[in-house]
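**Q** here is my input, please return the structure:
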Amino acid sequence: MTQHSDIPAPKTFTAAPALSGSVTVPGDKSISHRSLMLSALAVGESRVEGLLEGEDVLATAAAMRAMGADIQRDADGVWHIHGVGVGGLLQPETALDMGNSGTSTRLLMGLLASHDLTATFVGDASLSKRPMARVTEPLSRIGASFTTSPGDRLPLTMKGACPAVPLDYTLPVASAQVKSAILLAGLNTPGITRVVEPIPTRDHSERMLKGFGADLTVEVQADGTRVITLVGEAELKPQNIVVPGDPSSAAFPMVAALLVPGSKVTIGNVGLNGTRAGLIDLLREMGGSIEVVNAREVGGEPVGDLIVTASPLKGVEPDPARAPSMIDEYPVAFVAAACAYGRSVFRGLEELRVKESDRIATMADGLRAIGVQVEELEDGIIIEGSGGAPLAGGGPIATKLDHRIAMSFAVAGLVSKDGVTIDDMRPVATSFPTFVPLLQTLGAVT
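**A** Okay, the predicted model is just below:
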């Protein structure tokens, strides 16, 4: 893990000239995490190209190394993972430091729940505030046991169950992390693990598990409910993986290009998995010009290049059922709504209150600080758009150690009169370490 000073790194983002050029964004964070975990459970060598080398993913790599996987990066940026086989993970000698990564924590808890070992998870101040009960509750049913800090938070010590008891579980909330944790636990569990998903969430785990050779089936019922069945005691085969660009990271240059007058930007190699494409659909409904070219499939994932042209946007009231397909993109969608013509109403977003920060409250406070009229709802937010006029600017914006909040207000700064100051840009390194240089490549002066 990269060590940081405790000194905040504020930065001001000011009005940008027209943005132009072609860029790529870092590899998909969800796929990067899963590629390391499953490669570490395969017997033989897997190769991963395009891995996101942000701090969250590096935390996963460090944890898998601590449990016996041989993980190396060569000079060309290709990662080589020699796995230990399902059931072969070793007892870690020290606590697993998850940094800021909720995905690493919840997925690894699932992975370890069916192994005969004990592990302690620790994290930074932000991660240590995030509740883990939604994962510890179902994993307790398979026989794993947990000792948590008050409020079911980190630091947390778990003892896996071996053999574990197979679980038949209906997700009470739409959460790809909970679904994935249960499926990962099922890999080393005798019998059949079954997850019923009433509201579809991102399906990277299902795609990748099948790619590695797991016996997994997905049945879609008439009402859209997905029933995922996994046969345990799997034997995973090593793979060569090419990680597409992260649509959650592409969201920031995409919205910036739509909002900064005169802009035209190409974002290459973006993952276009339908369970992740909600923001593109939303921005198009708002009037945004986003063209997909060179559509293709890489490693079982749909990929394409996006051509984004500055467009006047109008307010929207999207269906709350869309939330799982763009849950991480709502903060920057709120910035788009703040610059649109008319009112936008976003609902069904309770999940945002338990992210790296309470993203509804943090975004509402920040938007008010730069002159936007907002009303916070229990499950969402109402935003009155500026009608294309520049935002007032201001700050410093309290980002609460949340990388997506910081990047969202950086985009707001590019369309502000007086600039927007972010209180601390350090958290951006968790998912998008090249964020500021990418904006500079497109012509933003930062």
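**Q** what about residue 366, neighbour count?
**A** Residues lying near residue 366 (other Cβ atoms under 10 Å) number 29. Where you see a C-beta, it was placed from the backbone N, CA and C, and this is true even at glycine.
**Q** wait, a helix at residue 178?
**A** Yes: Residue 178 forms part of a helix when assessed by DSSP: H, G, I helix; E, B strand; the rest coil.
**Q** what number of residues lie near it?
**A** Neighbours around residue 178, by other Cβ under 10 Å: 24.
**Q** quick one, what contacts it?
**A** Residues near residue 178 by Cβ atoms under 8 Å, 6 or more residues apart in numbering: 106, 134, 135, 138, 171.
**Q** most neighbours among these, please name it.
**A** For the contacts of residue 178, neighbours tallied by other Cβ under 10 Å; top is residue 135, 28 neighbours.
**Q** chain center to the host helix or strand of it: distance?
**A** Using DSSP states H and E, residue 135 falls within helix 133-141. Centre-to-centre, helix 133-141 and its host chain are 21 Å apart (Cα atoms, centre = their mean, to the nearest Å).
**Q** then it to CSV, C-alphas only?
**A** C-alpha atoms of helix 133-141 as CSV (Å, rounded to 0.1, in the frame of the first residue of the first chain):
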residue,chain,number,x,y,z
ALA,A,133,-23.5,-6.2,8.1
ARG,A,134,-25.0,-6.7,4.6
VAL,A,135,-22.1,-9.1,4.0
THR,A,136,-21.4,-10.5,7.4
GLU,A,137,-25.1,-11.5,7.8
PRO,A,138,-25.3,-13.9,4.8
LEU,A,139,-21.7,-15.1,5.3
SER,A,140,-22.6,-16.0,8.9
ARG,A,141,-25.2,-18.4,7.5
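**Q** which other helices and strands contact that helix?
**A** Judged by 3 or more Cβ pairs under 8 Å, 6 or more residues apart in numbering; DSSP states H and E, helix 133-141 is in contact with helix 102-113, strand 145-149, strand 153-159, helix 176-186.
**Q** between the ones you listed, which one is closest to residue 367.
**A** Closest approach to residue 367 among the helices and strands packed on helix 133-141 is made by helix 102-113 (23.9 Å; Cβ to Cβ).
**Q** angle of that closest one against strand 153-159?
**A** Helix 102-113 and strand 153-159 are oriented at 20 degrees to each other (axes from the mean of the first three to the mean of the last three Cα atoms, to 10 degrees).
**Q** show me what helix 102-113 is packed up against.
**A** helix 29-41, helix 55-66, strand 118-122, helix 133-141, strand 153-159, helix 176-186.
**Q** now do it against helix 133-141, angle only.
**A** 10 degrees.
**Q** in helix 102-113, what counts as buried?
**A** Buried residues in helix 102-113, counted by 16 or more other Cβ atoms under 10 Å: 102, 103, 104, 105, 106, 107, 108, 109, 110, 111, 112, 113.
**Q** ok, back up a step: in a markdown table, list the helices and strands packed on helix 133-141 along with distance to residue 26.
**A** Formatted as a markdown table, these follow (distance: least, Cβ to Cβ, whole Å):
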| stretch | distance to residue 26 |
| --- | --- |
| helix 102-113 | 15 |
| strand 145-149 | 31 |
| strand 153-159 | 25 |
| helix 176-186 | 19 |
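**Q** now, which of the buried residues of helix 102-113 sits nearest residue 413?
**A** For these, the nearest to residue 413 is residue 102 (26.6 Å; Cβ to Cβ).
**Q** okay, the residue nearest to the closest one when sequence neighbours are not counted: pLDDT?
**A** Spatial nearest neighbour of residue 102, excluding adjacent residues (Cβ to Cβ, 6 or more residues apart in numbering): residue 130 at 5.6 Å. If you check residue 130, the pLDDT there is 90.
**Q** cheers, nothing more for now.
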